[in-house]
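Participant: Fold the stuff below for me.
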Amino acid sequence: MSAIVVIPARFAATRFPGKPLAPLKGLPVIQHVYERSLRSQLASDVFVATDNERIFEKVLAFGGKAVMTSHEHPSGTDRIAEVAASLACDIIVNVQGDEPLIRPEMIDDVISLLQEGDADIGTLAKGIQSRREVFDPNVVKVVFGEEGRAFYFSRAPIPFHRDLFTGHPHETDTKGLFMFKHIGIYSYRRDILLRLAQIKPSRLELIEKLEQLRALENGFVIKVGETDFETLGVDTPEDLERIEQCLNSSS
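Facilitator: Prediction:
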């Protein structure tokens, strides 16, 4: 099965406008993401999907491939679906344009999830070891079955460990709990991605502000693979310093 990585990258982020072009160790953030994606063993090509000419030109300048997309897309999923409609492949991988620490192994893992079974969408999760992450609504949690089929994603602590969390949950020792945080990389069967982009936001999606719930509410199967890797996204200018330290320590 053939797979292509599509990286959505928009300029007008609310908290950090222009972050795909922000310099990180002398290169724009989007170039780090692109070059790491190229190292995937299972993806045959990589494209950046953007609505901004500066990002488009920058990608071409460093030798990458880019596609201009509509300004009207409400989400990255819709943006990559526009690109996917013109691509001839079986699987589309959505790698976020603000995650310069993405590992090529993670891309291969989500592709493998669709190559080895009948799931519609693949994604990753990592065991939670931090009390802060358990109760942080910005850390999305996922519950899945023994074969990896996702039951639900939430900003709330799920599963809720009744015996531990009742009373003073924020004082609980959460190390070793059976809880997983969602790592936001996705693989889609191409036809599923195109169908999803035509479906209106669902009830649970609007409540939790989580796009993947649209897929679950409409009966699509999301398979979750466990990973030891983790990414760190660029949400603010301060994040760049932390990510540069990570890059320096791994070089």
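Participant: Would you mind measuring from residue 17 to residue 106?
Facilitator: 27 Å (CB to CB, to the nearest Å). Quick note: C-beta positions are derived from backbone N, CA and C, even for glycine.
Participant: List the buried residues for stretch 105-125?
Facilitator: 106-114, 119-125 (16 or more other CB atoms under 10 Å).
Participant: Just the mean pLDDT for that stretch, thanks.
Facilitator: Looking at stretch 105-125 alone, the average pLDDT works out to 95.
Participant: residues contacting residue 117?
Facilitator: residue 223 (CB atoms under 8 Å, 6 or more residues apart in numbering).
Participant: May I have the phi/psi pair for it?
Facilitator: For residue 117, the backbone dihedrals are phi -160, psi -160 (criterion: degrees, to the nearest 10).
Participant: Tell me where this structure is predicted with low confidence.
Facilitator: 167-176, 251 (pLDDT under 70).
Participant: which other helices and strands contact the lengthiest strand in it?
Facilitator: The residue-count maximum for a strand in the chain (DSSP state E) belongs to strand 180-189. Under the contact criterion of 3 or more CB pairs under 8 Å, 6 or more residues apart in numbering; DSSP states H and E, strand 180-189 touches strand 91-94, helix 104-115, strand 121-127, strand 141-144.
Participant: who touches the following helix or strand past it?
Facilitator: Sequence-wise, the next helix or strand downstream of strand 180-189 (DSSP states H and E) is helix 190-196. By CB under 8 Å, 6+ apart, the surrounding residues in contact with helix 190-196 are 77, 80-81, 84-85, 87, 89-92, 120-121, 188, 214-215, 218, 220.
Participant: Show me how far stretch 72-88 is from its chain's centre.
Facilitator: Distance, stretch centre to chain centre, for stretch 72-88: 15 Å (CA atoms, centre = their mean, to the nearest Å).
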